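> Coordinates for the following, if possible.
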Amino acid sequence: MTRRRAGSLAFGLEIMTERQEPSQRAVPVKCNSCDRPMNSRLFCADCRTLHPADTLDHFELLGLKRTYDIDVGELRRIYLSLSRDIHPDRFSTRSEQDSGLSMRISAQLNQAYQALSDDVRRAEYLLGLMGGKSSVEDKTVPRDVLLETLTLREEIDEARLADDEEALARCRGRVREHYDEALAQVSACARELPGTEQTRQTLRTRLNTIKYYQKLRALV
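Below you'll find the model as predicted:
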């Protein structure tokens, strides 16, 4: 192992272990190939064996606590460090099984990073882990939100048809205010997870709500 590569791996492992509370650190696991302790559940730094991640959730995959409040900068550093270590290019000369596993884990890392780096998607994912309903199972949205977003949509359409940039700018400002308020409500509720059944139901409704404002943001 080169010094540069060893340093990269050590940097990632330091982030995943030392910055977490002792009670929240992952239980050390041993490599199936060399039986040595691994700090990463994906890759053995001693024998360079990859380990499947199919049973790990996004937080476990990246060595993070299951919590809404995470350091997105730290998340990115962990993601980049792990991505370098298991990148398919490093295993292109290995067996077809290793090469395929590397590609699969890389895809899982990408998916985990995309989900956890976004405030709304992270709340949605965490709610699912805590047993909350999905947006398919529960589409509840407060009536006042439906009326407000319908009105805003009509005003946006009228402003575009009239080529009225000032009116469009006002709509943009109102949409941003509603979105920011909805995100604050989502974040506050997500911080209470796992909470009670009522907590999870409230978060489900708030997540349904913010999606309406996300659609409006895409229009303006």
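> going forward, measure contacts and count neighbours with C-alpha atoms only.
Fine.
> ok, P142 - how many residues close by?
For P142, the neighbour count with other Cα atoms under 10 Å is 11.
> Quick check: phi and psi at the residue located most distally from the centre of the chain.
Distance from the C-alpha centroid of the chain peaks at A162, with 39.5 Å (Cα atoms, centre = their mean). When read as degrees, to the nearest 10, the backbone of A162 gives phi -90, psi 0.
> need the longest helix for the protein.
helix 165-190 (DSSP state H).
> Any buried residues in that helix, and which?
167-168, 171-172, 175-176, 178-179, 182-183, 185-187, 189-190 (16 or more other Cα atoms under 10 Å).
> Just checking, which helix or strand succeeds that helix along the chain?
Using DSSP states H and E, the helix or strand that follows helix 165-190 towards the C-terminus is helix 197-219.
> Packing partners of that following helix?
If you count contacts as 3 or more Cα pairs under 8 Å, 6 or more residues apart in numbering; DSSP states H and E, helix 197-219 packs onto helix 119-129, helix 143-161, helix 165-190.
> Same list (those) but as TSV, adding mean pLDDT.
Output for those, formatted as TSV (pLDDT from 0 to 100):
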stretch	mean pLDDT
helix 119-129	98
helix 143-161	96
helix 165-190	97
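> how does this structure divide up, domain by domain?
Annotated domains of the chain cover 3-117, 143-219 [automatic domain parsing].
> And the ones you listed, which one averages the lowest pLDDT?
With a mean of 72, domain 3-117 has the lowest mean pLDDT of those.
> I'd like the distance between the most centrally placed residue in the chain and V220.
With the centre of the chain defined as its mean C-alpha position, the nearest residue by Cα atoms, centre = their mean is L116, 1.4 Å away. L116 is 26 Å from V220, where distance means Cα to Cα, to the nearest Å.
> Next, format the helices and strands packed on helix 197-219 as CSV and append distance to L56.
As requested, the helices and strands packed on helix 197-219 are exported to CSV (distance: least, Cα to Cα, whole Å):
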stretch, distance to L56
helix 119-129, 12
helix 143-161, 36
helix 165-190, 21
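> T49 is nearest to which of the ones you listed?
helix 119-129 (28.7 Å; Cα to Cα).
> Can you spell out which helices and strands pack onto the closest one?
On a contact count with 3+ Cα pairs under 8 Å, 6+ apart, helix 119-129 meets helix 96-116, helix 165-190, helix 197-219.
> how does it look with 6 Å?
In this structure, helix 119-129 packs against helix 96-116, with contacts taken as 3 or more Cα pairs under 6 Å, 6 or more residues apart in numbering; DSSP states H and E.
> Buried ones in the helix it packs on, by neighbour count?
Buried residues in helix 96-116, counting neighbours by 16+ other Cα under 10 Å, are found at 98-99, 101-106, 108-109, 112-113, 115-116.
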